[in-house]
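**Student:** What follows is a predicted structure for the sequence shown.
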Amino acid sequence: MRFLIDECLSVELVTVAGEAGHEAHHVAHVGRAGWKDWNVLHYAREGDFVLVTNNAADFRKLYATEPLHAGLVILIPSVDGEMQQRLFQSAIEQLAIYGEPINQVLEVDIEGEEATFTFYELSSPE
């Protein structure tokens, strides 16, 4: 899988993906820092990236208009970089079970010390 990490998240998530055998790029490292959300969506779609963000409300709306997308991973809680890494690692492990999240969203939250997951379809009707 290929991941695009939104600028609202730690650049260390690129390392987490790489250690799990996946390609990943951070928005700031591909010259896209400061882009509007719809530009980030377009870049992710064109590059066949699964977008990883914690900007749930905006990207749910944007992805709901897309007939086909590589997937969306939303880290729900606003947490420090170390916890982001743990949650993203857990998300990657879940995706290994679920498979590629084409037209799907994986939301990762935390309850106590445990990550929780919600996986659902999100695409525009054809």
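**Tutor:** Perfect, thanks for sending it.

**Student:** Residue 97: how many residues sit nearby?
**Tutor:** Neighbours of residue 97 under the rule other C-beta atoms under 10 Å: 8. Every C-beta, even on glycine, is put in place using the N, C-alpha and C of the backbone.

**Student:** how close does it sit to residue 9?
**Tutor:** 22 Å (C-beta to C-beta, to the nearest Å).

**Student:** need the contact list for the residue nearest to the spatial centre of the chain.
**Tutor:** Nearest residue to the geometric centre of the chain (C-alpha atoms, centre = their mean): residue 52, 1.7 Å. Shown in contact with residue 52 (C-beta atoms under 8 Å, 6 or more residues apart in numbering): 3-6, 9, 13, 73-75, 88, 91.

**Student:** quick one, helices of the protein?
**Tutor:** 12-19, 37-47, 56-63, 81-98 (DSSP state H).

**Student:** Format these as CSV; extra columns: distance to residue 26.
**Tutor:** Formatted as CSV, the helices of the chain follow (distance: least, C-beta to C-beta, whole Å):
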stretch, distance to residue 26
helix 12-19, 5
helix 37-47, 11
helix 56-63, 16
helix 81-98, 12
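
**Student:** on that earlier part again, can you tell me which of the contacts of residue 52 is nearest residue 59?
**Tutor:** Residue 59 lies nearest to residue 74 out of the contacts of residue 52, by C-beta to C-beta, at 7.0 Å.

**Student:** ok, that closest one - contacts?
**Tutor:** Counting by C-beta under 8 Å, 6+ apart, residue 74 has contacts 52-56, 59-60, 105-108.

**Student:** How about the contacts made by residue 88?
**Tutor:** 9, 13, 16-17, 52, 73, 75, 108.

**Student:** Reformat those residues as a markdown table; add pLDDT and distance to residue 101.
**Tutor:** Converted to a markdown table, the contacts of residue 88 look like this (pLDDT from 0 to 100; distance: C-beta to C-beta, whole Å):
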| residue | pLDDT | distance to residue 101 |
| --- | --- | --- |
| 9 | 95 | 17 |
| 13 | 97 | 16 |
| 16 | 97 | 17 |
| 17 | 97 | 14 |
| 52 | 98 | 11 |
| 73 | 97 | 7 |
| 75 | 96 | 14 |
| 108 | 96 | 12 |
